[in-house]
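Engineer: Sequence and computational prediction follow.
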Amino acid sequence: MLSNKSAKQARCHPIPGALVTRTAAHRGFTLVEVLVVLAILVLLFALLFMPMMVGLDMATEARIRSNMQDAVRLAMEQICRDLSDGVYVYEIPTIQIGTDESITDYSRVIFVKAQRDANGQLVTPIRPMTDSDGDMIAIRYLVRAINPEVTWHHDNPFALYRQEGYYVWDDAAGEYVFGHKDDAGVFEAGAPESENILTPKTGADIPPTSTVCKTCGVTAVGYVDSCPGDCSETEQDLVFLHSGVKFAPERIEGDTLSASEYNTLYTAKRGSWRGYPNDGSTFLDDIDWTTFTSQVHPRIRLYRYGVGGSYSVVALDTYGTATSDVNLRWNAHDGTVRIGNYERVHITVDSDDASSPPARGDGEFCKITITDPNEDTDGDGNIFGDADDLVGNYDATGSLSGDRTSVVPIYGAAPGAWQDPVMPIAFAIYPKDADGTGALSVAAKVVPSSVHVRVAATLADGTVRRAEYTLTDVIDQDQIGQFQFAQYQASDDRECEVRFNRWEPPSPEMFGSLAGYEIEILYYYRRNFDATSNRDDMVVVDYSTAELMNVTLTLNKFTDPEPYKLGEDNLVVPSDVRINKVIMHNQVEVRNIR
């Protein structure tokens, strides 16, 4: 125990350690220490919250993608249900952008479904859906902005719409137009009866890939809100094309068509061809392709047997320069190609001989004129009487003056006895001369059983009596009936004889005194064969069929567009940004197409 003196000394002289401890207890943090602590806290919070933010972003992206997937899936299901029940699927819209160029807008389609009863059962025979007035009710799928009056931006993306309305023929426009009926039941083109949107209104987009002005035909990459050609047209005259949505008919390549009807009719595996709407009445040479430019036209090729022993010679190609003298047309609805053409030849008896035919046994034949027309070169709607017609005149001895025609008379013995006829007992057909003789002759075949014979007798009072001879298999002219004829073919079909009864061929004698007498011979000929080997051509076609429709739906997460190039107004989706998108493809078989 310290003495009082020692204790006093201790209070007056504390030990150094005690003094340091009391000084540190009253000292604060320095600025450096605070900054270090804050930096550590920031790093800790960053390490903690960065995964949380990434997770939130991933959740948002997943939600948006899930919504887009649901929208695309539901839209595709709706489209497949509608299209598979279609009766009429109309041509994909084509926009002319020049005299010989066009753009096909695959991002829209119009079709008419089959009529069904109140129980949802298909009405037979199958017919298009109509209202009580008989007007067709059509469905149209297209892509447009949510508000067409406003420019493209985040709150006004492009979306896929399903519209219902009426499809009515417009005489002034020369085509069907889509629209609705007002309260009075009067049709008005333009707006649909109803519509519903199939893709989200926000967060998703179907960006335009190009803009086309329908008036001037100028195109621009991406989106512009005014005519890219500065033709002062409003936005309503613009068409926005979207490569992300596609309603395209299936393109079938290299279909070798099956031949029938003596190699004049060729049938494809599928019909409903898109492109030029040929109903089988228009020949290839009469089509102005520049007026009907389209990416879905059928491509028809004729392959001919060549020197190498194979079908390597392209005799005709509708997409190329290879042509031939083949008369070709096709029926887009049936998916058939028809080759060949009819030739109509008139045999006219001289008016004096028609009024008073030579007597049998007098040694003279009736004088006849054979007219073999080529084409309606003067445009009067009549193929006869044109300057380039072939006209052959045969006198009372059967001698020819004038042109040799594709139909030539065959006379019997000079009528020196009472039973000898004064008219030809047969006619020979040389189809190679159907378009002219000499240098104009082209090897051709007469189609078996294609000949028709008609007779027209004009009485003195102007009354016309007509008769059509019937075809028989009998070739012996002594056994052919009076109003029958036989088509006797050569072995290679390159010529034939039209034979009548030897003693009673068509003649004005059977009518008495006439004002006129005429025989018409109609035959079908074709040139789709190799003249050397006599082998028939092969027909191969590439075509787009509406019986199978390929549907593509692409939905993007909305991304703010940017100028295509510096200083330009057209907007595009940035190419250097990874876009979250959903793509779905499907092929729909249109079961009820007509």
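Structural biologist: Received the coordinates, thanks. Predicted model, so just to flag it, every value in this text is computed and none were measured.
Engineer: tell me what the helix ranked longest in the chain is packed against?
Structural biologist: Secondary structure assigned by DSSP state H gives helix 31-84 as the longest helix of the chain. On a contact count with 3 or more CB pairs under 8 Å, 6 or more residues apart in numbering; DSSP states H and E, helix 31-84 meets strand 109-113, strand 158-170, strand 204-205, strand 538-557, strand 581-589. Bear in mind the C-beta positions are built from the backbone N, C-alpha and C, glycine included.
Engineer: residues contacting L43?
Structural biologist: Neighbour list for L43: empty [criterion: CB atoms under 8 Å, 6 or more residues apart in numbering].
Engineer: Do you know the pLDDT at it?
Structural biologist: On the pLDDT scale, L43 is placed at 84.
Engineer: how many neighbours does the residue lying closest to Y394 once chain neighbours are set aside have?
Structural biologist: Residue nearest to Y394 in three dimensions, not counting chain neighbours: I368, with 5.0 Å by CB to CB, 6 or more residues apart in numbering. Applying other CB atoms under 10 Å, we find 22 other residues in the vicinity of I368.
Engineer: Could you list the domains of the chain?
Structural biologist: Residue ranges for the domains of the chain, per automatic domain parsing: 86-247+548-589, 250-340+533-545, 342-526.
Engineer: which residues of the stretch 301-450 of the chain fall in strands?
Structural biologist: For the stretch 301-450 of the chain, the strands defined by DSSP state E, counting those that start in this stretch occupy 313-317, 328-331, 336-339, 341-349, 368-372, 390-394, 400-402, 407-410, 426-429, 445-446.
Engineer: out of those strands, deepest packed?
Structural biologist: Compared across those, strand 445-446 shows the largest average neighbour count, a mean of 27 (mean count of other CB atoms under 10 Å).
Engineer: what comes into contact with that strand?
Structural biologist: 429, 431, 487, 489, 492-496, 523-527, 529.
Engineer: Paired strands for that strand, with orientation please.
Structural biologist: strand 514-526 (antiparallel) (DSSP bridges).
Engineer: Y262: neighbouring residues, count only.
Structural biologist: So Y262, with other CB under 10 Å, has 17 neighbours.
Engineer: Now do it, the pLDDT please.
Structural biologist: The per-residue pLDDT reported for Y262 equals 95.
Engineer: okay, now G185: neighbour count?
Structural biologist: Other residues near G185 come to 10 when the count uses other CB under 10 Å.
Engineer: I misspoke; the intended subject was L41.
Structural biologist: For L41, the neighbour count with other CB under 10 Å is 10.
Engineer: Please give me every residue in contact with the residue nearest to Y394.
Structural biologist: Going by CB under 8 Å, 6+ apart, I368 touches 347-350, 393-394, 409, 423-424.
Engineer: now, among the residues you listed, which is nearest to A417?
Structural biologist: Ranked by distance to A417 (CB to CB), the contacts of I368 are led by M423 at 15.3 Å.
Engineer: who touches the nearest residue to the closest one once chain neighbours are set aside in this structure?
Structural biologist: In this structure, M423 finds its nearest non-sequential neighbour in S507, 4.2 Å apart by CB to CB, 6+ apart. Counting by CB under 8 Å, 6+ apart, S507 makes contact with 357, 366, 421-423.
Engineer: which of the helices and strands packed on helix 31-84 is buried the deepest?
Structural biologist: Highest mean neighbour count among these (mean count of other CB under 10 Å): strand 204-205, a mean of 25.
Engineer: same for the helix or strand following it, what does it pack against?
Structural biologist: Sequence-wise, the next helix or strand downstream of strand 204-205 (DSSP states H and E) is strand 210-213. With contacts taken as 3+ CB pairs under 8 Å, 6+ apart, strand 210-213 sits against strand 219-221, strand 238-241.
Engineer: Could you list the low-pLDDT ranges of the protein?
Structural biologist: The chain contains residues with pLDDT under 70 at 1-27, 52, 54-55, 57-58, 98-100, 232-236, 289-294, 375-387.
Engineer: List the residues that contact A354.
Structural biologist: By CB under 8 Å, 6+ apart, the neighbours of A354 are 366, 508, 514-517.
Engineer: Of all the strands of the stretch 301-450 of the chain, which one comes closest to T256?
Structural biologist: When these are ranked by distance to T256, counting by CB to CB, first place goes to strand 336-339 at 11.5 Å.
Engineer: chain center to that closest one: distance?
Structural biologist: 16 Å (CA atoms, centre = their mean, to the nearest Å).
Engineer: swap in stretch 344-351?
Structural biologist: Remark: stretch 344-351 is offset 43 Å from the chain centroid, using CA atoms, centre = their mean.
Engineer: ok, and what's touching that stretch?
Structural biologist: Residues outside stretch 344-351 that contact it (CB under 8 Å, 6+ apart) are 366-373, 383-384, 405-407, 409, 423, 427, 508, 515-523.
Engineer: give me that answer again for 6 Å
Structural biologist: Stretch 344-351 has contacts (CB atoms under 6 Å, 6 or more residues apart in numbering) with 366-372, 407, 508, 517-522.
Engineer: Among these, which one lies nearest to L56?
Structural biologist: For the contacts of stretch 344-351, the closest approach to L56 (CB to CB) belongs to L522, at 82.5 Å.
Engineer: And the contacts of S507, which is closest to I206?
Structural biologist: Nearest to I206 among the contacts of S507, counting by CB to CB, is M423 at 75.5 Å.
Engineer: Endpoints of stretch 431-450, how far apart?
Structural biologist: Start-to-end span of stretch 431-450 (CA to CA, to the nearest Å) is 12 Å.
Engineer: buried ones in that stretch?
Structural biologist: Of the residues in stretch 431-450, 431-437, 442, 444-447, 450 count as buried by neighbour count, 16 or more other CB atoms under 10 Å.
Engineer: Return the distance of that stretch from the chain's centre.
Structural biologist: From the chain centre to the centre of stretch 431-450 is a distance of 33 Å (CA atoms, centre = their mean).
Engineer: what's the answer for stretch 205-216, then?
Structural biologist: Mean C-alpha position of stretch 205-216 versus that of the full chain (CA atoms, centre = their mean) differs by 22 Å.
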